[in-house]
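Peer 1: Got a predicted model here, sequence first, then my questions.
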Number of protein chains: 2
Amino acid sequence: MTTSTTGLVLALAGGVGGAKLALGLSRILPPERLAIVVNTGDDEQFHGLHVSPDLDTMTYTLSGLYNPETGWGIDGDTFETLQMLNRLGADTWFNLGSRDFAMHIRRTELLAQGSSLSQVTAQVTANLGIEHPIIPMSDQPVRTVLDTDAGTLSMQEYFVKRRADPVVKSISYVGSADARPSPGFAAALDAATAIVICPSNPFLSVAPILAIPGVRDAIAGHGAPRVAVSPIVGGTAVRGPAGKIMQELGADVSVVGVAREYREICDVLVLDSQDANLADAVAAEGVEAAVMPTIMQTNEDKVQLAERVLALAADLENRRS
Amino acid sequence: MTTSTTGLVLALAGGVGGAKLALGLSRILPPERLAIVVNTGDDEQFHGLHVSPDLDTMTYTLSGLYNPETGWGIDGDTFETLQMLNRLGADTWFNLGSRDFAMHIRRTELLAQGSSLSQVTAQVTANLGIEHPIIPMSDQPVRTVLDTDAGTLSMQEYFVKRRADPVVKSISYVGSADARPSPGFAAALDAATAIVICPSNPFLSVAPILAIPGVRDAIAGHGAPRVAVSPIVGGTAVRGPAGKIMQELGADVSVVGVAREYREICDVLVLDSQDANLADAVAAEGVEAAVMPTIMQTNEDKVQLAERVLALAADLENRRS
């Protein structure tokens, strides 16, 4: 028995990179064999509406609605609502499309009616025809807050409003002490026969998930094979501010730095082919290195990487048994 | 001194017809001489957002944003947000455009932050460049509820969802006992040197305003000249279900029925030219009749009717002094 044919794959993901690999996994695994757990540390209220950027990126990616140009938002979306909000005096630095607004309106309404974020997510993803479970990391609020040289900023203030320009001094995950893994996440942690850490920002996407009490320990002590894909390629982030933040926090901006970050929670780290020369240095951190192309442009790329990641997990399991 | 040159004109209005006459008044009177008080009995929550149909019709009309085809909504608005809400499982029988949604989002946010409906309305109308005060009748919720042969329906359920089809047995204004006139309405009631009842539905637009404790008495006992424009022309409503409802409630569907309804709160009732033959019957109800064209199609029509209404008020005042 290997993870490539049976058992539950738990994927931890943040934004665009994570959604790409999750899409690949969803093309291979049937719904009951995949649990996609998504960071909600970036969630924020805009115009009184609950916006969950990473859940939405995942939802739009898996439903085929996503905008391949930006990676976020809905393809072909328009901006009448936001423009009108601007006319009405609202501060509209965070870009939200008119169709995208529907998601935030619906989520906010259902939350106000007493549904949990997990329940809301299950409902809207089902409505969009998504069969694979997309699971928020927690139903309690956890907010990633960056202490920077420009003051304390929420994730979206830092990343979108300030264009990741301020120097990050430290990061905290406000509310995490009182948060619990969502029911779906807790169940997946129990049942997982493989854990995949998608190529997402270690500090801004994966760390908030790990900050929920019990999660880091559960993954660190988990018996299932654990495979991570490095979001750092060639000494820089494939996308987003991960490289800059790692540097500012004094980490090594390379797959070696990622290995150091993940060493307790991952057995195999997937390095991009252009980082092949760092495989030994990764191994020296106590993490097995696997080298392969990791840049996902086409859907074929996503499926291929997902297949290889699952094969690595299966191989690990075979070697252990 | 006549109301045509000094003093405050208090206009009571509901939806499309009321907004037309209010637009005419706003083209003649400077902002400090006009208080437009609007029915909020039709307000309803849609998708968790506070929608104020009559305030919005007035706001869009006075800002020039309104859709001249429908009378409601924003000209050229699109429906991406609503269509997406529908895909997300929401019940979307109430038509809301993508730009229109911005109004409801903004209102809901500001209300949630503690602003009153009056304050929210003042802010958004100012943002849209409207100088004349648009004032909700109350900052407390009053909801027009229709007891019909199809059950108890809110105004929008009756008018939009059920297309005014059910037979109306009675109408109530839920919450009115606990409502107070908004601060702007109360001040205008004190200061008014003329009161104009716009051509709006007597039962669904004007009655909710009168149902607020103290309002009917204040207008009934008011010293200022009071002019109403009949929404019933030629034995039927110019627009909307007023005629049907009057009939179902046993009222005379004619300007005579309107006169009977308004007799305590109005000195002069403006009848359309085609109802000239009913002037004596109106007078027999104790209300002076004034006959003139009242159908407002162009902006010139609106200004002309407003001028004539103000002249009637001035004439009344002159005759009294």
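Peer 2: Perfect, thanks for sending it.
Peer 1: Just give the number of residues close to the closest residue to residue A:55 other than its chain neighbours.
Peer 2: Excluding its sequence neighbours, the residue lying closest to residue A:55 (Cβ to Cβ, 6 or more residues apart in numbering or on different chains) is residue A:38, at 5.2 Å. The way it works is simple: take the backbone N, C-alpha and C, and place the C-beta from them, glycine included. Residue A:38: 32 surrounding residues under other Cβ atoms under 10 Å in any protein chain shown.
Peer 1: beta partners for residue A:38?
Peer 2: Legend: beta-bridge partners of residue A:38 under DSSP bridges are residue A:13, residue A:136.
Peer 1: Now do it against residue A:191, distance only.
Peer 2: 18 Å (Cβ to Cβ, to the nearest Å).
Peer 1: if we can go back for a sec, verify the contact between the residue nearest to residue A:55 and residue A:53 for me.
Peer 2: No: with contact taken as Cβ atoms under 8 Å, residue A:38 and residue A:53 are classed as non-touching, separated by 9.8 Å.
Peer 1: quick one: contacts of the helix or strand in which residue A:305 is found?
Peer 2: Taking DSSP states H and E as the definition, residue A:305 sits inside helix A:299-320. Outside helix A:299-320, the residues that touch it by Cβ atoms under 8 Å, 6 or more residues apart in numbering or on different chains are A:2-5, A:9, A:20-21, A:23-25, A:27-29, A:193-194, A:196, A:224-227, A:229, A:267-268, A:270, A:290, A:292-296.
Peer 1: Give me the buried entries from the residues you listed.
Peer 2: A:2-4, A:9, A:20-21, A:23-25, A:28-29, A:193-194, A:196, A:224-227, A:229, A:267-268, A:270, A:290, A:294, A:296 (16 or more other Cβ atoms under 10 Å in any protein chain shown).
Peer 1: which residue packs closest to residue A:135, ignoring adjacent ones?
Peer 2: Closest residue to residue A:135 apart from its sequence neighbours, by Cβ to Cβ, 6+ apart: residue A:184 at 3.8 Å.
Peer 1: Run the chain-centre distance for the helix or strand harbouring that neighbour.
Peer 2: Counting by DSSP H and E, the element that carries residue A:184 is helix A:183-191. Relative to the centre of its chain, helix A:183-191 is centred 17 Å away, using Cα atoms, centre = their mean, to the nearest Å.
Peer 1: Which secondary structure elements does it sit against?
Peer 2: strand A:8-13, strand A:34-38, strand A:134-136, helix A:215-220 (3 or more Cβ pairs under 8 Å, 6 or more residues apart in numbering or on different chains; DSSP states H and E).
Peer 1: average model confidence for stretch A:181-190?
Peer 2: Summarised as a single mean, pLDDT over stretch A:181-190 is 98.
Peer 1: So which residues make contact with that stretch?
Peer 2: Here stretch A:181-190 has contacts from A:8, A:10, A:35, A:37, A:116-118, A:133, A:135-139, A:180, A:212, A:214-215, A:218-219, A:222, using Cβ under 8 Å, 6+ apart.
Peer 1: now the strands: where do they sit in the stretch 51-200 of chain A?
Peer 2: Assigned by DSSP state E, counting those that start in this stretch, the strands in the stretch 51-200 of chain A fall at A:134-136, A:143-148, A:151-154, A:168-174, A:192-197.
Peer 1: Toward the C-terminus, what is the element adjacent to the worst-scoring helix or strand of chain A on mean pLDDT?
Peer 2: When the helices and strands of chain A are scored by mean pLDDT, DSSP states H and E, strand A:236-237 comes last with a mean of 84. Going down the chain from strand A:236-237, the next helix or strand is helix A:242-248, by DSSP H and E.
Peer 1: Give me the distance between that following helix and the centre of its chain.
Peer 2: 17 Å.
Peer 1: can you pull out the helices in the stretch 51-200 of chain A?
Peer 2: A:53-63, A:80-87, A:98-112, A:117-127, A:155-156, A:183-191 (DSSP state H, counting those that start in this stretch).
Peer 1: out of those helices, deepest packed?
Peer 2: Mean neighbour counts were taken over the helices of the stretch 51-200 of chain A using mean count of other Cβ atoms under 10 Å in any protein chain shown, and the top value, a mean of 25, falls to helix A:53-63.
Peer 1: That one: how far from the chain's middle?
Peer 2: Worked out by Cα atoms, centre = their mean, helix A:53-63 lies 10 Å from the chain centre.
Peer 1: Quick check: residue A:54 touching residue A:15?
Peer 2: Yes: assessed by Cβ under 8 Å, residue A:54 is found in contact with residue A:15 at 5.1 Å.
Peer 1: and for these two, which residues touch both?
Peer 2: In contact with both residue A:54 and residue A:15: A:39, A:42, A:205, using Cβ under 8 Å, 6+ apart.
Peer 1: Looking at these, which is nearest chain B?
Peer 2: residue A:42 (20.0 Å; Cβ to the nearest Cβ).
Peer 1: which residues sit in contact with the closest residue in space to residue A:154 that isn't next to it in sequence?
Peer 2: Computed as Cβ to Cβ, 6+ apart, the closest residue to residue A:154 that is not its neighbour in sequence is residue A:44, at 5.7 Å. Residues near residue A:44 by Cβ under 8 Å, 6+ apart: A:51, A:53, A:94, A:143, A:154, A:155, A:156.
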